[in-house]
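In: The sequence and its predicted three-dimensional model are supplied below.
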Amino acid sequence: MIWTWDIIRRIIEVLWLINIGFAIWTVFRSRRDIAATWAWLLVLSVFPVAGFILYMFVGRQLSHDDIFTIQEEQAKYQNTFLKKQHRLLEQHELLPQSNQKPRARMLVNLNLNNDEALLTFDNHVEVFTDGHAKFEQLIDDINHAKKIVDVEYYTFYADHLGKRILDALVHAAKRGVKVRVLYDASGSRGTKPSFFEPLEKLGGQAQAFISSSSKWYTSPRLNYHLHRKLVIIDHQIGYIGGFNIGDQYLGDSPKFGYWRDTHLRVVGQASVMMEVRFAMDWNTTCRKTRKPKFSIDDELKDFTIKHPQSTNPDEVPMQIVSSGPDNQNYAIRRGYEGIIATARKYVYIQSPYLIPEDSILEALIIAAKSGVDVRIMVPCMPDHPFVYRMTEYYAKYLVQNGVKVYRYDNGFIHAKTMVSGSNIASVGSANQDYRSYKLNFEVNAFTYNSQLSSELKKIFEADLLNCTPMTEEYFAKQSRWLKFKQQFSHLLAPIF
């Protein structure tokens, strides 16, 4: 057979058509939003080989079996435990000053109806913005634990801090405390299951979350990971926020320098709601690992759902709101939208990534053009260069539409916070990006307390002293090559 250019051209055309057909089948066999569908078709069509390799790591969704298992576990807890307060909410006015705080009442209903997120009251909250202070307090709380310590982190590195936390957990297990550790294998890359052997030899338990294998390379997936950061101690103390376990979160990384994050230490009933979240994640994973399950009937049998007896300003009404790829309620994203859409004076946001969906993007612009003081703080450096160009693209677009965006220059800001008005705030693990909205498992605390909101607002304003405003002039000075990378990167935002 004589290979002519005409034959080669026809072979290329046939292969290209086969690739297009396979791309269409690959993308449309799973339900996605329109933006993500077209983005993947673009990648798979333009980059036939590299695109499919990228899809293996980024595009593959959770199996239907995994999704069903997660949903089944959640339904069980909602039926046996969570619906008790749903009835209580119907019988009592649980926000005593709701006539004066209609926004809070609306957001409570939104989170309750969207995520069965129960409202708790007798919560005393301490805010941490520095890793050293947060982890010293956490280790102290673990050292004083008497019954249980449940730990759930995206990242649990086997470095100096990770070993300190593990040592505290080992000593707790020696005292007879029930210790469970749930981590994400991809986020904890480099941490081997054997790292937790000293704990497991004493009766403690550790396992990688269901969406990732204990060996990450056997499940090459960059999405659908456990991004939550929770610790629950003795059914009374809960930690929730942005810090992971690793030396870099203490500011000991030469790349990032000072690590600026936000975490809450909660003493009160909200810690039990965090424990319910942990129980669902733990038991879902046990379906594959065969480890002992969390028995909510046994471990939380003495827990009684309460409604407020007083209007103590030190007590923080709080909902623990979860979201993930196992459902399409998008609870945290819709909670964010609710805060932005109802803002009257200001909305202050901190996030390491700024890649908002259109609904969030439009809500921010509408708020800004309505006279609301909308401010967003992002890092001065990338931890993922490609993603950082997307952040710059959206920052520029928002600035052009009246939103104030600031570059934090004192190290790396990793906080995921939103504060608005006199008593509305959210602190948790969810960033302002597609991945947190839809692709990863997240958890946030939505709070309704004037003192806490005032504290978070003051923290934001103090951080502004270490910021550079990202104005239209700021972006105009950037090179054409940088602007091109920003424009190109945002085309792929729906798949990242």
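Out: That came in fine, so what should we check first?

In: Tell me which residues of stretch 236-254 come out buried.
Out: Of the residues in stretch 236-254, those buried by neighbour count under the rule 16 or more other C-beta atoms under 10 Å are 236-253. The C-beta positions use only the backbone N, C-alpha and C, and glycine is treated the same way.

In: right, I mislabeled it, should have said stretch 163-170
Out: 164-166, 168-170.

In: what are the ranges of the strands in the stretch 301-450 of the chain?
Out: Secondary structure of the stretch 301-450 of the chain (DSSP state E, counting those that start in this stretch): strands at 318-323, 346-350, 354-355, 373-379, 404-408, 412-413, 417-420, 424-428, 432-433, 442-447.

In: Let's have the ones you listed in TSV, adding mean pLDDT.
Out: Formatted as TSV, the strands of the stretch 301-450 of the chain follow (pLDDT from 0 to 100):
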stretch	mean pLDDT
strand 318-323	94
strand 346-350	98
strand 354-355	95
strand 373-379	98
strand 404-408	98
strand 412-413	96
strand 417-420	98
strand 424-428	98
strand 432-433	96
strand 442-447	98
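
In: With mean neighbour count and distance to Asn283 as extra columns, can I get those strands in JSON lines?
Out: Shown next, in JSON lines, are the strands of the stretch 301-450 of the chain (neighbours: other C-beta atoms under 10 Å; distance: least, C-beta to C-beta, whole Å):
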{"stretch": "strand 318-323", "mean neighbour count": "28", "distance to Asn283": "14"}
{"stretch": "strand 346-350", "mean neighbour count": "24", "distance to Asn283": "33"}
{"stretch": "strand 354-355", "mean neighbour count": "26", "distance to Asn283": "32"}
{"stretch": "strand 373-379", "mean neighbour count": "22", "distance to Asn283": "36"}
{"stretch": "strand 404-408", "mean neighbour count": "21", "distance to Asn283": "39"}
{"stretch": "strand 412-413", "mean neighbour count": "26", "distance to Asn283": "35"}
{"stretch": "strand 417-420", "mean neighbour count": "26", "distance to Asn283": "30"}
{"stretch": "strand 424-428", "mean neighbour count": "27", "distance to Asn283": "22"}
{"stretch": "strand 432-433", "mean neighbour count": "25", "distance to Asn283": "29"}
{"stretch": "strand 442-447", "mean neighbour count": "27", "distance to Asn283": "16"}
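
In: so which of those strands gets nearest His160?
Out: strand 412-413 (18.8 Å; C-beta to C-beta).

In: Quick one: residues in contact with that closest one.
Out: Residues outside strand 412-413 that contact it (C-beta atoms under 8 Å, 6 or more residues apart in numbering): 256-261, 350, 352, 377-381, 383, 463.

In: partner strands of that strand, parallel or antiparallel?
Out: Each strand that pairs with strand 412-413, with its direction, by DSSP bridges: strand 259-260 (parallel).

In: still on that earlier bit, Leu230: which of the strands of the stretch 301-450 of the chain is closest?
Out: strand 442-447 (6.4 Å).

In: Check the offset of that closest one from the chain's centre.
Out: Mean-position distance between strand 442-447 and its chain equals 9 Å (C-alpha atoms, centre = their mean, to the nearest Å).

In: Which secondary structure elements does it sit against?
Out: strand 237-241, helix 270-289, strand 318-323, helix 331-341, strand 424-428 (3 or more C-beta pairs under 8 Å, 6 or more residues apart in numbering; DSSP states H and E).

In: What strands line up against that strand, and which way round?
Out: Partners of strand 442-447 in its sheet, by DSSP bridges: strand 318-323 (antiparallel), strand 424-428 (antiparallel).

In: Just put those in TSV and tack on distance to Lys146.
Out: Shown next, in TSV, are those (distance: least, C-beta to C-beta, whole Å):
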stretch	distance to Lys146
strand 318-323	23
strand 424-428	27
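
In: Ok, which of the ones you listed comes nearest Gly338?
Out: strand 424-428 (9.1 Å).

In: ok now that closest one, how far from the chain's centre?
Out: Distance, centroid of strand 424-428 to centroid of chain: 12 Å (C-alpha atoms, centre = their mean).

In: got the CA positions of it in CSV?
Out: Written as CSV, here are the backbone C-alpha positions of strand 424-428 (Å, rounded to 0.1, in the frame of the first residue of the first chain):
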residue,chain,number,x,y,z
ILE,A,424,-24.6,36.9,59.4
ALA,A,425,-21.3,35.0,58.8
SER,A,426,-20.0,31.7,57.3
VAL,A,427,-16.7,30.0,58.1
GLY,A,428,-15.7,26.6,56.8
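
In: so that strand versus strand 346-350, what angle?
Out: 10 degrees (axes from the mean of the first three to the mean of the last three C-alpha atoms, to 10 degrees).

In: what sits up against strand 424-428?
Out: 103-104, 107, 127, 240-242, 262-264, 321, 332, 335-336, 339, 415-419, 442-449, 452-453, 456.

In: ok so, going back, quick one, which of the strands paired with strand 442-447 is nearest to Glu136?
Out: Glu136 lies closest to strand 424-428 among the strands paired with strand 442-447, at 19.5 Å (C-beta to C-beta).

In: how near is Lys477 to Arg389?
Out: Applying C-beta to C-beta, to the nearest Å, the value for Lys477 to Arg389 is 16 Å.

In: Pick out whichever of the two has more residues nearby.
Out: Neighbours were counted for Lys477 and for Arg389 using other C-beta atoms under 10 Å; Arg389 has more, 19 against 8.

In: show me what contacts the more buried one?
Out: Arg389 neighbours (C-beta under 8 Å, 6+ apart): 382, 482, 485-486, 488-490.

In: quick check: domain ranges of this structure?
Out: 5-59, 64-92+123-305, 322-495 (automatic domain parsing).

In: returning to that earlier point: specify which member of the contacts of strand 412-413 is nearest to Asp298.
Out: Asp261 (34.6 Å).

In: circling back: where helices are concerned, which of the buried residues of stretch 163-170 count?
Out: Members of those lying in helices (criterion: DSSP state H): 164-166, 168-170.

In: Pipe those residues into JSON lines and attach distance to Lys404 and pLDDT per row.
Out: Converted to JSON lines, those look like this (distance: C-beta to C-beta, whole Å; pLDDT from 0 to 100):
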{"residue": "Arg164", "distance to Lys404": "39", "pLDDT": "98"}
{"residue": "Ile165", "distance to Lys404": "38", "pLDDT": "98"}
{"residue": "Leu166", "distance to Lys404": "42", "pLDDT": "98"}
{"residue": "Ala168", "distance to Lys404": "42", "pLDDT": "98"}
{"residue": "Leu169", "distance to Lys404": "43", "pLDDT": "98"}
{"residue": "Val170", "distance to Lys404": "47", "pLDDT": "98"}
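
In: Distance to Val231 added to those residues, as TSV?
Out: Formatted as TSV, these follow (distance: C-beta to C-beta, whole Å):
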residue	distance to Val231
Arg164	14
Ile165	9
Leu166	13
Ala168	11
Leu169	10
Val170	16
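
In: on that earlier part again, save the strands of the stretch 301-450 of the chain as CSV, and put in distance to Pro198 too.
Out: Converted to CSV, the strands of the stretch 301-450 of the chain look like this (distance: least, C-beta to C-beta, whole Å):
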stretch, distance to Pro198
strand 318-323, 31
strand 346-350, 37
strand 354-355, 40
strand 373-379, 36
strand 404-408, 38
strand 412-413, 31
strand 417-420, 35
strand 424-428, 31
strand 432-433, 36
strand 442-447, 28
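
In: quick one: which of those strands is nearest Leu202?
Out: Per C-beta to C-beta, nearest to Leu202 of these: strand 442-447, 28.0 Å.

In: ok, then the element right after the closest one?
Out: Later in the chain than strand 442-447, the nearest helix or strand by DSSP states H and E is helix 450-463.

In: So what sits opposite Tyr346 in the bridge?
Out: The partner residues for Tyr346, given DSSP bridges, come to Asp373.
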